[in-house]
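>>> Quick one: sequence plus predicted model below, questions after.
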Amino acid sequence: MATINKAERKFKIGMTEISFPAPDSDLQTNIRIISNHYPQLRFTHVYEEDAQFVNGCIVYPIIMPPVKTNG
């Protein structure tokens, strides 16, 4: 009998990996939840097709916008 295992899904911000807070929800719902702790996520775009399979986990790399300074 075959068994199906779900791969753990994570966000990767720099060197930090963050597990999905709601693993059974979709990508956008998890981004909304995690953006409460990482407000810079509100200004990025994360797509399903950007996912990479690394060490048995599905990892969504997040590229942060550059820091802007006045002057």
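Thanks, I have the structure now.

>>> Mind listing what's buried along stretch 50-62?
Residues of stretch 50-62 classed as buried by neighbour count (16 or more other Cβ atoms under 10 Å): 51, 59-60, 62. Yep, even glycine has a C-beta here, placed from its N, CA and C like the rest.

>>> in the chain, which spans are strands?
Per DSSP state E, the chain carries strands over the ranges 8-13, 16-19, 52-54, 57-62.

>>> where does the protein have low pLDDT?
Applying pLDDT under 70 to the chain flags residues 71.

>>> residue boundaries of the helices in it?
Secondary structure of the chain, counting by DSSP state H: helices at 27-34.

>>> Find the centremost residue of this structure, please.
Centroid-nearest residue in the chain, with Cα atoms, centre = their mean: Phe11, separated by 2.7 Å.

>>> Any idea how many residues pack against the closest residue to it other than its chain neighbours?
Once flanking residues are discounted, Phe11 sits nearest to Ile18: 4.7 Å by Cβ to Cβ, 6 or more residues apart in numbering. Ile18 has 15 neighbours, counted by other Cβ atoms under 10 Å.

>>> Ile18 and Ala51: what is the separation?
According to Cβ to Cβ, to the nearest Å, Ile18 and Ala51 sit 14 Å apart.
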